[in-house]
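Asks: I'll drop the sequence and a predicted model, then ask my questions.
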Amino acid sequence: LAAAQEELASAREARAGANARAENEDARRVELARLSGERFQCPPPVLAERYAFAAPDVGTAEAENTQLEKLTAEAENTQLEKLTAERERIGPVNLVAADELAAAEAQLGTSVSEKEELAEAVARLRGSIGNLNREGRERLRAAFEAVDAHFQRLFTQLFMGGNAHLAFIDSDDPLEAGLEIYAQPPGKRLQSLTLLSGGEQALTAVALVFALFLTNPAPICVLDEVDAPLDDANVERFCDLLDAMTRETQTRYLIVTHNAVTMSRMHRLFGVTMVEKGVSRLVSVDLGGAEELLAAE
């Protein structure tokens, strides 16, 4: 009886231990099922099929305990933490990465195409600018030579001798160069326009203005007090040149002046007079018609 009771007690202890282990295994099974659902989105029995590994190769709890006897728990925990950290560094999985990659590649293709179009447009624009600059240089040189030729002739005519010319300065490119006027009145050395006297500067400027009108005629030319710094002799020269310009061009010249000599050489006068005190009146005199009337009488 004592032996039977001792055996019964041992059996009860074994049963209690088995029940405890069963409860532990059941709790572990539930925990593993939860972890499998969180990490792999599937229950443990499906893991072998989904991730293509052989189910018999997975050890049992007893085998795992046997393996754990070979490997210390500290080493296993270190390896687990290392693998977990590597997985965390990878970051969350972007399920729409393929679609985003396709959209980025399509956008890249569009950007490359637009870049090529812009490069082609820039090349065409640079070519057009080069053509325009080349044509502009040719036209500017042609106009410069024409103006310079007229200027030299008119300067000699105004000063009754001497010579003058235009020159590009500071650059060989006409589009970037400056313009300098060199004049040599009779009896003087060749020098820049700024070194001439006031009257000589005025006559030189008149010659240049008329040279421009001969190169590119305009319907009307207005000259405001250009004869103010001139003496009577130079005024006569200016009027002679003005008469020659009226015969050579179709331009109408409007001269604003207070010089009596200049006014006497004009075809028509327009002025303001005060017949009565405080009352201004516009007066127009046709000098050409008056001369014809005098000649008829």
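Replies: Thanks, I have it.

Asks: Would you tell me what the next helix or strand after the strand or helix carrying Arg34 is?
Replies: Using DSSP states H and E, Arg34 sits in helix 2-40. Of the helices and strands lying after helix 2-40 in sequence (DSSP H and E), the nearest is helix 47-51.

Asks: how about that following helix: buried residues?
Replies: Of all the residues in helix 47-51, those buried under the rule 16 or more other CB atoms under 10 Å are Leu47. To be clear about C-beta, it is placed using only N, CA and C from the backbone, and glycine gets the same treatment.

Asks: same deal with stretch 195-205?
Replies: Neighbour-count burial for stretch 195-205 flags 196, 199-204 (criterion: 16+ other CB under 10 Å).

Asks: Restricted to helices, list these.
Replies: Among the buried residues of stretch 195-205, the residues falling in helices (DSSP state H) are 199-204.

Asks: so how far is Leu32 from Glu25?
Replies: The gap separating Glu25 from Leu32 is 10 Å, by CB to CB, to the nearest Å.

Asks: do the same with Phe270
Replies: Between Phe270 and Leu32 the computed distance is 114 Å (CB to CB).

Asks: on that earlier part again, could I get the ones in helices among the buried residues of stretch 195-205 as a markdown table with pLDDT and distance to Ala106?
Replies: Below are those laid out as a markdown table (pLDDT from 0 to 100; distance: CB to CB, whole Å):
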| residue | pLDDT | distance to Ala106 |
| --- | --- | --- |
| Gly199 | 83 | 77 |
| Glu200 | 86 | 74 |
| Gln201 | 88 | 70 |
| Ala202 | 88 | 72 |
| Leu203 | 88 | 74 |
| Thr204 | 89 | 69 |
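
Asks: next helix or strand past the helix or strand containing Gly127?
Replies: Element membership of Gly127, judged by DSSP H and E, is helix 97-159. Downstream of helix 97-159, the first helix or strand assigned by DSSP H and E is strand 163-169.

Asks: That following strand - contacts with which helices or strands?
Replies: Where contact means 3 or more CB pairs under 8 Å, 6 or more residues apart in numbering; DSSP states H and E, strand 163-169 is packed against helix 97-159, strand 178-184, helix 198-215.

Asks: Check the offset of the helix or strand harbouring Val272 from the chain's centre.
Replies: Using DSSP H and E, the element containing Val272 is strand 268-276. Put simply, strand 268-276 sits 57 Å off its chain's centre (CA atoms, centre = their mean, to the nearest Å).

Asks: List the buried residues for that strand?
Replies: Under 16+ other CB under 10 Å, strand 268-276 has no buried positions.

Asks: I am finished for the moment; much appreciated.
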